[in-house]
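# generate coordinates for the sequence data below:
(3 chains)
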Amino acid sequence: MILSKSSHLPNPAPLGVPASPPARRQRRKLPRNASLLVGIVLTTIFLAVALVSFFYLPSNPNIPVIRNRLLPAGTAGHWLGTDVLGRDIVAQLMVGARTSILVGAGGATLSLILGLIAGLAAASSGKIADEAISRGADILLSIPGMVTALVLAATMGSGALTTILALTAFFTPSFTRVVRSAAIGVLNEDFITAARLYGRGKIFVLIRHVLPNIAGVMIVQFTLYFAAGILTEAGLSYLGVGVHRPSISWGLMLNEAQQQVGISSPLAIWPGLAIVLMVLGLNLLGDGLRDVLDPKLARRAS
Amino acid sequence: MAIYILRKLAFFLGALFIASVAIFLLIRGAGGNVAAVVLGKGATPEAINALAHTYGLDRPMAVQYFDWIGNMLSGDLGRSFRTNESVADLVTARLSVSIPLAFSGLVLGLLIAIPVGTYAARNVGTPSGALLALVSQIGVAVPVFWAGILLSLLFGVRLGWLPTGGWTDWSVSPWGAIRSLVLPVLSLGLIMAAVLIRYVRSAVLDVMNQDYLRTARAVGMTRTEALLKVGLRNAALPLVTIVGLQIAELIGGTVIIETVFSLPGLSRMMLANVAAREVIVVQSTVMLIVVFVISINLIVDLLYGLLDPRVRATR
Amino acid sequence: MSQENAIEVRNLVVHNTALTAVRGLDFTLPAGARMGLVGESGSGKTLTALALMGLLPMGWQANGSVRHDGVDLITQSDRALSSRRGRTISMVFQDPLSSLDPVRHIGQQVSSVIRRHTQASKKEAERRTVDLFRQMSLPRPEQLMRAYPHEISGGQRQRIMIAMALACYPQLIIADEPTTALDVTVQKQVLRRLNTAVQERGSALIMITHDLPIIAAMCDTVAVMYAGKIVEMGPVAEVFRNPRHHYTKGLLDSQPTMDNIALDGSSRLASIPGMVPPLHSLPAGCAFHPRCAAATEQCMSEVPTLDDGPRRAACWHPIGATVPMEVA
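This is a model prediction of the structure:
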């Protein structure tokens, strides 16, 4: 440990024309990274299932077929059986994947955009703006996400869109803080000073130099918040303040299973398993990407 | 230290103010006309106006805001539109469920996470360390309500040791109340632990590479002794911050777990009021929860100042 | 016989799975003697010190034998070693700020060492700590007891570290670049305190530094390390006056003195060409040969060993040898 302090020094900025930031991150080859691999596989499977659900479903997951109620797993045409109204579980899980991804990615994307704007503004503006944005983010962070979601559900009515907005309200402050500190790190590097001396405007520097250099951190964070969004959506739908029929969510399925057939039913297993695998996949993907894209962070966190 | 405390107090008050404005605007702004929301579709404009007038909802927003804050400060949290019950009474009845649940869940999480995370840090790169990392990675992905379902499936349905839900009040039977809380606390604690283990592990790893730990050993402590006596005290600093940040998570988890186990806690009341569009009750309850979280954060900050002499001096 | 010596190191090797950083060290330090260990960064000085203390970082391992106080330290368990560390053998580290516990009072950190290794009561230990601070010429020792490391100056911190290391009158104290992290203005003061304190206790001293004047002032003998090996050792005055190894000579020539510093660019300050070779690709033969003006075919293939006598050097063509070197 003592003897290996050599690498990770930033490349010197090219003299004269500071057109491109140091591209040191791209040069790292993908290491043999088990968590990345498992993460990619799991995530791809769920994305594929969600995609397929638009073109093919074993049967309509919302139309009750009473004579088919509570079929056991392994029944022809219903691999995982049916629920109390005779609706196919596989079909419901497939549509549930769609909801999870839509809501999770939607919330993560919106908060990423807002967090980028606020975080870059905080990092590049004066001390007062920075203080105001950072403190504001701190305060918003102390409002529990679940509470925000409940308030929105109370006032706007529940649904996928409300859930996305609740996630956005919940994640934006943390995104802002991550963007701010990553951007400040980049802004303190020499090639930025060089670019400013060269006469580049603030916005140009932010877009051309800062953004590409914090992209790695952002991708990692996006993945992790995507996962957190899926967990939160499942929780809200389980509580009955997230999405509801005809939309289907894994959390909603668990709620229905517990209310209608009791927890000893296998119906209380499949949606939970789906949530765990999808969230695990995204978290592993995020951790794996962090090792590849963001060596500085990886050294601290692992 | 005095300046540090004053600064933190100022931030605390500022946070309370901004959060209250945010909640007020969110509820009044996003919902549009509160009276219309409460009465639902199909209400006549006359009925809406009458309700608005009774509750002072037709006054200017600023007046309503300061009225609300003034009442809250004097302990009046408002009344339910439908039943006219006092929100303060509703809330206090529920706290005897929610507070023990949330608090025990957090304590259990820490009791698991600190030793396990420390063990994981000391065994980085070994099979047992890798196994622990995997287990906590999976634990983080388990939704807390599903953990609750699985646990009550095992201990309630299969083994029949504990109730799968419902509540026996403390006044009826303290032992019954505790039995009703075991599985909820276990679910909450295990999920909290999965999250916290990763933070403990990285905090301890960080401390293990510090020069002062080597000094502790250089003057006569064994490796383990140095880690426990010097290391944990220093690792506690980042952990205190993390625990503060996890309070919001904890409350989210408590809301869900109360539903899983049908416990008559604060959050079940909130959910019922959300469904019934009891805007005033929701607004006051939310504010109470936020006051609680911000107060915890103040305590965390003060604790941090107490633990770390450097913070006291510089900030 | 071995009780007479503060430490006897035989064939010490320090390695991890990929690298060998210390490649067979032999030296003996009589009780109360003072040895300087010099070399560039990466020569293995610090790892040698940590190996003697049994404090190697994770992944590093020491082989060979290190006899001290009647036992072989290499074979001792962490528990057995811990009862000696701070009592019979102790160490002063390079950076006193990061080496002191940031959240405990200084007085507590020092007095706990005394309480750990002696029967002293809490009060007695505190009294002795104040005495130690006074010996170290620390200002207002009573108030200092309740100060935190970040509240005092770097020079004071390092004197605290020295007080901690010397609190239990160790037979051997290892100082690893104790003044490198300090302001030039306080270096001398700290060294003077260290010097007197070691003298009063009759402890042996291993002084690790790349600063040759410090060695000249404080040590009896000097060992010069290069790429994990001792290349020359002997009495300080003789080694510095008449170095036998070309590396030692290079080191001496590259030391600035008042008369060879010239700011107008006509400096006569020499430097050794090339760089310390990385441990994973050491050259064959004498590790110094790529940088040595006197290297021959033999130097590139055969590893020189330390010759015997009071003025030992590991060189095929030592300076001042009777057989003059021919090929350059």
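# which helix or strand contains the residue positioned nearest the centre of chain B?
For chain B, the residue sitting closest to the mean C-alpha position, by C-alpha atoms, centre = their mean, is B:I251 at 3.1 Å. Per DSSP states H and E, B:I251 falls inside helix B:232-260.
# does chain A have contacts with the very next helix or strand once past that helix?
On the C-terminal side of helix B:232-260, the nearest following helix or strand under DSSP H and E is helix B:266-275. Yes - between helix B:266-275 and chain A, judged by C-beta under 8 Å from any C-beta of the partner chain, the touching residues are B:267, B:270-271, B:273-275. Yep, even glycine has a C-beta here, placed from its N, CA and C like the rest.
# ok, which stretches of chain C are strands?
In chain C, the strands defined using DSSP state E lie at C:5-15, C:20-30, C:34-38, C:61-68, C:71-72, C:89-92, C:172-176, C:204-209, C:221-226, C:229-235, C:312-313.
# any chance of those strands in TSV with mean neighbour count and mean pLDDT as columns?
Formatted as TSV, those follow (neighbours: other C-beta atoms under 10 Å in any protein chain shown; pLDDT from 0 to 100):
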stretch	mean neighbour count	mean pLDDT
strand C:5-15	20	90
strand C:20-30	20	89
strand C:34-38	26	92
strand C:61-68	18	90
strand C:71-72	14	90
strand C:89-92	28	92
strand C:172-176	25	92
strand C:204-209	25	92
strand C:221-226	25	91
strand C:229-235	23	90
strand C:312-313	24	82
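# hmm, back to that, the helix holding B:I251 close to chain A?
Yes - interface with chain A: helix B:232-260 contributes B:245, B:247-249, B:251-252, B:255-256, B:259-260 (C-beta under 8 Å from any C-beta).
# which strands and helices sit next to that helix?
Of the remaining helices and strands, those touching helix B:232-260 by 3 or more C-beta pairs under 8 Å, 6 or more residues apart in numbering or on different chains; DSSP states H and E are helix A:145-156, helix A:211-239, helix B:87-122, helix B:144-151, helix B:174-208, helix B:266-275, helix B:279-307.
# so how far is C:Y148 from the residue in chain C that chain B sits nearest to?
Among the residues of chain C, C:G86 lies nearest to chain B; the distance is 3.6 Å by C-beta to the nearest C-beta. Distance of C:G86 to C:Y148, computed by C-beta to C-beta, to the nearest Å: 21 Å.
# higher neighbour count, those two?
Using other C-beta atoms under 10 Å in any protein chain shown, the more surrounded residue of C:G86 and C:Y148 is C:G86, with 28 against 19.
# quick one, what contacts the more buried one?
B:218-220, C:113, C:116-117, C:164-165, C:167-168, C:170 (C-beta atoms under 8 Å, 6 or more residues apart in numbering or on different chains).
# among these, which lie within helices?
Judged by DSSP state H, those include B:218, C:113, C:116-117, C:164-165 as members of helices.
# take the residues you listed and lay them out in TSV including neighbour count and pLDDT.
What follows is the ones in helices among the contacts of C:G86, written out as TSV (neighbours: other C-beta under 10 Å; pLDDT from 0 to 100):
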residue	neighbour count	pLDDT
B:A218	28	91
C:V113	28	92
C:R116	20	90
C:H117	21	91
C:M164	28	91
C:A165	29	91
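# relative to C:A21, which of those is nearest.
B:A218 (19.6 Å; C-beta to C-beta).
# not counting its neighbours along the chain, what's nearest that closest one?
C:M91 (5.0 Å; C-beta to C-beta, 6 or more residues apart in numbering or on different chains).
# which residues does the one you found contact?
Residues near C:M91 by C-beta under 8 Å, 6+ apart: B:218, C:49, C:53, C:55, C:165, C:173-176.
# rewinding a little: among the contacts of C:G86, which one sits closest to chain A?
Nearest to chain A among the contacts of C:G86, counting by C-beta to the nearest C-beta, is B:A218 at 15.3 Å.
# just checking, that closest one touches C:R87?
No - assessed by C-beta atoms under 8 Å, B:A218 is found out of contact with C:R87, at 11.1 Å.
# distance of A:V179 from chain B?
A:V179 sits 17 Å away from chain B, going by C-beta to the nearest C-beta, to the nearest Å.
# what about that residue, neighbour count?
Look at A:V179: counted by other C-beta under 10 Å, it has 27 neighbours.
# leaving out sequence neighbours, find the closest residue to it.
In this structure, A:V179 finds its nearest non-sequential neighbour in A:G119, 2.6 Å apart by C-beta to C-beta, 6+ apart.
# for the helix or strand containing that neighbour, buried residues please.
Using DSSP H and E, A:G119 sits within helix A:89-124. Of the residues in helix A:89-124, A:89-112, A:114-116, A:118-124 count as buried by neighbour count, 16 or more other C-beta atoms under 10 Å in any protein chain shown.
# which one is C:I319 nearest to, not counting chain neighbours?
Closest residue to C:I319 apart from its sequence neighbours, by C-beta to C-beta, 6+ apart: C:R244 at 5.3 Å.
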